[in-house]
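# Model the following, please.
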Amino acid sequence: MSLDLLKVNLQYFLPKHLISWGASVLTNAKLGRCTTFAIEQFAKFYHINLDEMDGDIEDFETFNEFFTRPLKSDARPIDADNNSVVFPADGKISQFGDLRDDFMLQAKGHYFTTETLLGDDSDAKYFQNGKFMTVYLSPSDYHRVHIPFAGKLLKMTYIPGELFSVNPLYTKHIPELLARNERVVCLFETTVGKMAVVFVGAVVVGSVSTDWDGVVAPNGSREIRITTYEHEKLEYDKGAEIGKFLMGSTVICLFEKDKIDFVSGLTSEQKTHMGEKMATAVSSKRVAADKVGKKTGKSAGKRTAKK
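Numbering: from 1, shown residues only. So this is what the prediction gives:
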C-alpha cells in the first residue's frame with residue numbers, strides 16, 4: 001500500500017471531531033510569548049506575507065486571532081466592474097464549471113449532487129445545470145470569506161457531518177467528501193438569481209463563523225438547523241466579508257443556469273485572490289437573445305467579458 005493510500009485510509013479511523021476540539025482549545029489559548037513564538041514560526045514555515053496584514057504579530061493574543069487576521073484595506077481591491085463576479089477567498093481553484101443536471105465535480109472520477117451538498121432538494125433545483133466554483137484554502141491563506149456578487153441573505157443552513165481533511169489528496173480519493181463534511185450553506189438573492197456560498201468544514205477547523213450569526217460550527221447538535229432571514233435587511237455589497245473559518249478548508253459557490261460566464265483562461269490549481277474577477281454576470285437580455293439565436297440557428301453575438 002502506498003503512503004498516500006495509507007493516509008487516506010487513516011482518515012476513516014481518526015477521531016476527527018476530538019482532534020478538532022483539542023486543536024481549538026490550544027489555538028484559542030492565551031499563552032503570551034509562547035503564542036507569539038508559535039505565530040512567528042508558522043508564518044515563516046508557510047511564507048506568509050506579513051506586510052499585507054493589518055497589525056503586528058504581537059497584537060494577537062491567540063493563534064486563532066492571527067489565523068483569521070484582517071488585511072490592510074488596500075490589500076485586496078475589489079474588481080470595479082458592476083457586472084463582475086469575484087473570487088470569495090484566497091486559495092486555489094479546486095474545480096469549477098457547469099453542473100451536469102445537479103452533479104458537480106469534486107475531483108477526477110468523483111462527483112456529488114447539489115442536493116447532497118445543500119441538504120435541501122428545493123434549494124438544489126435553483127442551480128440545476130448552473131455553474132459552480134470550488135476554492136481550497138490552505139493553512140497559509142487569508143481565511144476570511146467574502147461575497148462574490150452583491151446579494152441579500154435569504155437563508156442559512158447548518159449541516160452536521162464528517163471532518164475529513166479537504167487537502168487535494170483526500171478529495172481525489174474519498175467519494176463525496178465535500179458533501180459529507182460539516183458545512184454551512186448561505187443562500188442569497190441577487191440581481192442574477194439565487195447564489196449559494198457554502199463553507200465546508202474540515203479536521204482541525206476550529207470554527208465557522210458568519211457575519212450575521214457569529215460561530216455556527218462546530219455545533220453540539222447533530223441535526224440540520226435552518227435559519228431564515230427573508231424579512232431582515234441583510235444585504236451585502238460585492239466583496240463584503242460574510243464569514244471566516246480556522247485552518248485550511250473549502251468554499252463552494254453555486255450560480256443559476258445562464259447567469260454567469262467564467263472568465264477565459266481559468267484552470268484548476270490556479271491561485272486565487274479575493275476580489276479578483278472570476279466571472280461576468282449575464283444580463284437577462286443577453287440570455288433571451290441567445291435563446292432566439294439558437295431557435296433561428298443564428299449567433300446572438302460573441303460573448304466577451306467586460307474588462
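# Now do the helices in the stretch 101-250 of the chain.
Listed in chain order, the helices of the stretch 101-250 of the chain (DSSP state H, counting those that start in this stretch) span 114-118, 121-126, 168-173, 177-180.
# Please state the offset of the first one from the chain centre?
Average the C-alpha atoms of helix 114-118, do the same for its chain, and the two points are 15 Å apart (CA atoms, centre = their mean, to the nearest Å).
# which helices and strands does that helix pack with?
Packing partners of helix 114-118 (3 or more CB pairs under 8 Å, 6 or more residues apart in numbering; DSSP states H and E): strand 103-107, helix 121-126, helix 177-180, strand 183-190, strand 193-200, strand 249-255. (Each C-beta comes from the backbone N, C-alpha and C, glycine too.)
# closest to Val145 out of the ones you listed?
Between Val145 and the helices and strands packed on helix 114-118, the tightest spacing by CB to CB is seen for strand 249-255, at 5.6 Å.
# Show me what that closest one pairs with in its sheet, parallel or antiparallel.
Taking DSSP bridges as the criterion, strand 249-255 forms sheet pairs with strand 131-137 (antiparallel), strand 193-200 (antiparallel).
# Run the angle between that strand and strand 183-190 for me.
Orientation note: strand 249-255 sits at an angle of 30 degrees relative to strand 183-190 (axes from the mean of the first three to the mean of the last three CA atoms, to 10 degrees).
# From the contact counts, what lies against the helix or strand where Gln95 lies?
Using DSSP states H and E, Gln95 sits in strand 91-98. The helices and strands touching strand 91-98, judged by 3+ CB pairs under 8 Å, 6+ apart, are strand 103-107, strand 131-137, strand 271-272.
# Pick the most buried one from those.
strand 131-137 (a mean of 24; mean count of other CB atoms under 10 Å).
# Contacts for that strand, please.
Applying CB atoms under 8 Å, 6 or more residues apart in numbering, the contact partners of strand 131-137 are 87-99, 104, 106, 143, 148, 166, 168, 171, 178, 248-255, 257, 259-260, 262, 272, 278-279.
# What mean pLDDT does that strand get?
For strand 131-137, mean pLDDT rounds to 94.
# how much distance is there from that strand to the middle of the chain?
6 Å.
# In CSV, could you pull the C-alpha coordinates for it?
The C-alpha coordinates for strand 131-137 follow below in CSV (Å, rounded to 0.1, in the frame of the first residue of the first chain):
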residue,chain,number,x,y,z
LYS,A,131,-22.3,26.7,-12.6
PHE,A,132,-20.0,26.2,-9.6
MET,A,133,-16.6,27.3,-8.3
THR,A,134,-14.7,25.4,-5.6
VAL,A,135,-11.8,27.2,-3.9
TYR,A,136,-9.5,25.4,-1.5
LEU,A,137,-7.9,27.4,1.3
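# and Lys259, what does it touch?
Shown in contact with Lys259 (CB under 8 Å, 6+ apart): Gly130, Lys131, Val192, Gly193, Ala281, Val282.
# For the second one, give the beta-bridge partners.
Read it as Lys131. Note on Lys131: beta-bridge partners by DSSP bridges are Asp98, Phe255.
# my guess is Lys257 meets Thr114, correct?
No: at 11.9 Å, Lys257 and Thr114 do not qualify as touching, with contact defined as CB atoms under 8 Å.
# Now do the shared contacts for the two.
By CB under 8 Å, 6+ apart, Lys257 and Thr114 have these common neighbours: Phe127, Gln128.
# what about those two, which has more around it?
Thr114 (26 against 16; other CB atoms under 10 Å).
# Got the confidence number for the more buried one?
91.
# likewise Arg183?
Looking at Arg183, its pLDDT reads 88.
# tally of neighbours for it?
With other CB under 10 Å as criterion, Arg183 counts 26.
# Likewise for Arg225?
Neighbours around Arg225, by other CB under 10 Å: 14.
# pretty sure it is touching Thr157, no?
Yes: here Arg225 lies in contact with Thr157, judged by CB under 8 Å, at a distance of 7.2 Å.
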